[in-house]
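>>> Any chance you can model this:
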Amino acid sequence: MKLHYVGIIKNESKPAHELVAEKDLLSYSRFTRSNYGEFMTLFSKTVAERTKPGQRQDVEEQDYTFHAYSRTEGICGIIISDHEYPMMVAHQLLSKVVDEFLTKYPRSTFANSNPTLSFPELKDYMARYQDPKNADTISQVQEELNKTKIVLHKTIESVMQRGEKIDDLVAKSEGLSAQSKMFYTQAKKQNSCCIIM
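Numbers count the residues shown, from 1 in each chain. As a prediction, the model looks like this:
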């Protein structure tokens with residue numbers, strides 16, 4: 001699971017403009033890094049232009065998934081990941097990044113121009129969200145639920161074994177009950193001879 005790109009694209013007019021972005025290009029050859037970076041920017045702009053305001057979408061292209069979240073303020077958050085990266089985590093990160101970006105840079109900052117802004121928080125998010133289990137509370141809860149499910153399954157199995165033993169006890173108690181009734185009737189006969197009149 002890997003994140004390759006996190007960025008904010010101004011998409012209210014064409015061509016779209018990359019306002020801020022963080023790219024992880026270390027897995028590519030030093031000679032091809034700049035090309036991959038340019039392709040990431042180009043395809044991110046294309047996906048942002050084609051994502052309607054208020055819409056979320058995931059676009060798969062070869063080995064990559066583009067996660068997009070477009071806002072009515074005229075921007076679109078884009079994440080590029082591999083196919084294994086959980087979509088829920090990517091969209092959680094998109095929501096967080098877009099909300100924080102709009103808090104720091106209101107629409108008036110970029111509405112009438114195409115500035116390149118500074119948003120160093122993206123680098124921290126890229127590092128923290130590389131492993132979605134560490135960053136996503138939902139994944140952590142899901143992992144705990146999976147562990148609980150295994151424990152619960154073992155508990156159900158042990159209850160089933162107990163159930164079989166309980167059936168044996170019930171069968172034995174029914175046997176004891178019949179013997180108790182027989183003992184009671186014999187004791188009653190024995191005691192009936194000693195009745196004083």
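>>> Count the neighbours of the residue nearest to L3 when sequence neighbours are not counted for me.
Of all residues not flanking L3 in the chain, S81 sits nearest, at 5.2 Å (C-beta to C-beta, 6 or more residues apart in numbering). Glycine gets a C-beta too; all of them are placed from N, C-alpha and C. With neighbours defined by other C-beta atoms under 10 Å, the count for S81 comes to 25.
>>> quick check, S81 in a helix?
No. Secondary structure assignment places S81 outside any helix; it is strand (DSSP: H, G, I helix; E, B strand; the rest coil).
>>> Could you measure from it over to D63?
According to C-beta to C-beta, to the nearest Å, S81 stands 10 Å off from D63.
>>> mean confidence score for stretch 186-196?
Along stretch 186-196, the predicted confidence averages to a pLDDT of 65.
>>> Stretch 37-47 now?
On average, stretch 37-47 scores 86.
>>> Beta-bridge partners for the residue nearest to Q55 when sequence neighbours are not counted, please?
Nearest residue to Q55, sequence neighbours excluded (C-beta to C-beta, 6+ apart): S70, at 5.4 Å. Applying DSSP bridges to S70 yields these beta-bridge partners: C76.
>>> Just list the residues touching the residue nearest to L3, thanks.
Contacts for S81 were tallied using C-beta atoms under 8 Å, 6 or more residues apart in numbering; they are M1, K2, L3, H4, Y64, T65, H67, A90.
>>> What about those residues, which are in helices?
Secondary structure from DSSP state H places A90 of the contacts of S81 in helices.
>>> ChimeraX command to pick out the buried ones of the contacts of S81?
Selection command for ChimeraX covering only the buried members of the contacts of S81, criterion 16 or more other C-beta atoms under 10 Å:
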select :3,4,64,65,67,90
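>>> quick one: which of the contacts of S81 is nearest to V47?
Nearest to V47, judged by C-beta to C-beta, of the contacts of S81 is H67 at 9.0 Å.
>>> right, and the closest one touches M87 too?
Yes. With contact defined as C-beta atoms under 8 Å, H67 and M87 form a contacting pair (6.7 Å).
>>> Give me the common contacts of those two.
Any residue near both H67 and M87 by C-beta under 8 Å, 6+ apart counts here, and that gives D58.
>>> quick one: M126 is in a helix?
Yes. The assignment for M126 (three-state DSSP) places it in a helix.
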